[in-house]
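Novice: A structural model of the following input is requested.
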Amino acid sequence: MQAERMDTVLAAEGLGKQVSSPEGTLAILSEVSFRVLRGESVAIMGASGAGKSTLLALLAGLDEPTTGTIRLAGSELTELDEDGRAAVRARHVGFVFQSFHLLPSLTALENVMLPLELAGRGDARAAALEVLRTTPDARGRLLDVVRIHQPGPIAITAEEAAGVDVVPGTLPREEGDRLAGSYVNSYIGNDVVVLPVFDDPHDDAAVAAYTELFAPRRIITVPGREILLGGGNVHCITQQQPSGR
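Specialist: You can find the predicted model right below:
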């Protein structure tokens with residue numbers, strides 16, 4: 001019995017969840033009890049509305065049960081406050097959602113780093129890179145992770161601001177405004193790659209990385225600042241091609 005308890009990573013005892021509704025008290029779950037041993041794979045199956053998502057939320061400490069207890073990785077979740085449950089969840093629980101739930105403002109690396117940083121990992125960047133390099137896709141293929149410096153902060157100069165026509169209904173371009181420059185936002189054609197450059201110290205390194213990555217394509221650089229001043233990047237001038245006459 002003691003050995004079984006040590007091998008149990010998740011245990012629910014008499015778990016119940018009730019919520020109030022206009023019709024009265026609604027019982028979503030009632031007297032749910034089970035154990036998951038180390039190394040086991042378990043599927044929760046049931047019709048829509050049966051309470052699967054509610055059960056998963058309870059087991060991860062995202063919600064609190066009305067009755068019963070939950071023991072996860074040696075911690076009694078029902079005895080912990082919200083911060084305590086979050087700490088256990090950060091160390092022992094991983095979610096794979098139906099939707100990707102990536103933060104669009106972060107890079108792929110930063111999305112992987114985020115939960116590691118929240119868990120207090122000092123090696124979050126190195127650990128995230130290792131995950132990206134060693135995790136295969138659905139076909140079993142490994143990713144080639146290429147790191148490219150981003151240009152430093154790019155701000156509109158007084159000369160550039162003075163040279164932009166004022167268009168009613170659009171935001172003005174004023175001296176000191178930040179421009180969203182990126183080497184990643186390039187155009188890849190059949191034989192060429194069109195790469196924006198920004199008069200930045202990292203321009204040469206970006207060209208070298210693209211030359212190696214996309215050989216034998218030719219790398220054609222274009223002045224990226226002019227495009228940024230228009231409010232876009234390379235994709236904004238390659239989405240629509242004029243028809244020939």
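Novice: CA atoms for contacts and neighbours, from now on please.
Specialist: Fine.
Novice: This protein - how does it break down into domains?
Specialist: 2-92, 98-145, 154-237 (automatic domain parsing).
Novice: any chance of these in JSON lines, with mean pLDDT and mean neighbour count too?
Specialist: Shown next, in JSON lines, are the domains of the chain (pLDDT from 0 to 100; neighbours: other CA atoms under 10 Å):
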{"stretch": "domain 2-92", "mean pLDDT": "88", "mean neighbour count": "15"}
{"stretch": "domain 98-145", "mean pLDDT": "86", "mean neighbour count": "13"}
{"stretch": "domain 154-237", "mean pLDDT": "86", "mean neighbour count": "15"}
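Novice: For Ile156, give me its contacts.
Specialist: Counting by CA atoms under 8 Å, 6 or more residues apart in numbering, Ile156 makes contact with 173-179, 229.
Novice: now it: how far from Glu175?
Specialist: Distance of Ile156 to Glu175, given as CA to CA, to the nearest Å: 5 Å.
Novice: and what of Ile219?
Specialist: Here the criterion is CA to CA. By it, Ile219 lies 31 Å from Glu175.
Novice: Break down this protein into its helices, ranges please.
Specialist: Secondary structure of the chain by DSSP state H: the helices cover 2-7, 52-59, 82-92, 108-118, 124-134, 158-162, 203-213, 224-229.
Novice: of the ones you listed, which approaches Leu102 most closely?
Specialist: Comparing those against Leu102 with CA to CA, the closest turns out to be helix 108-118 (6.5 Å).
Novice: centre of the chain versus that closest one, how much separation?
Specialist: In this view, helix 108-118 has its centroid 7 Å away from the chain centroid, taken as CA atoms, centre = their mean, to the nearest Å.
Novice: packing partners for it?
Specialist: Taking 3 or more CA pairs under 8 Å, 6 or more residues apart in numbering; DSSP states H and E as contact, the helices and strands that helix 108-118 lies on are helix 124-134.
Novice: and the helix it packs on, what other elements does it pack with?
Specialist: Packing partners of helix 124-134 (3+ CA pairs under 8 Å, 6+ apart): helix 108-118.
Novice: Tell me which residues are up against the helix it packs on.
Specialist: For helix 108-118, contacts defined as CA under 8 Å, 6+ apart pick out 90, 102-103, 124-125, 127-129, 132.
Novice: and which of those residues is nearest Thr66?
Specialist: Using CA to CA, those come closest to Thr66 at Ala90, 23.3 Å.
Novice: For the closest one, list the residues it contacts.
Specialist: Taking CA under 8 Å, 6+ apart, we find Ala90 in contact with 115, 118-119.
Novice: any chance of those in JSON lines, plus distance to Thr54?
Specialist: JSON lines is the format used below for the contacts of Ala90 (distance: CA to CA, whole Å):
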{"residue": "Pro115", "distance to Thr54": "23"}
{"residue": "Leu118", "distance to Thr54": "24"}
{"residue": "Ala119", "distance to Thr54": "24"}
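Novice: show me the contacts for the residue lying closest to Phe34 once chain neighbours are set aside.
Specialist: Closest residue in space to Phe34, ignoring its immediate chain neighbours: Ala12 at 5.4 Å, by CA to CA, 6 or more residues apart in numbering. Neighbour list for Ala12: 32-35, 59, 68-71 [criterion: CA under 8 Å, 6+ apart].
Novice: ok, now with 7 Å
Specialist: If you count contacts by CA atoms under 7 Å, 6 or more residues apart in numbering, Ala12 has them with 32-35, 69-71.
Novice: Reformat those as TSV; add distance to His149.
Specialist: Formatted as TSV, these follow (distance: CA to CA, whole Å):
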residue	distance to His149
Val32	52
Ser33	52
Phe34	50
Arg35	48
Thr69	49
Ile70	46
Arg71	45
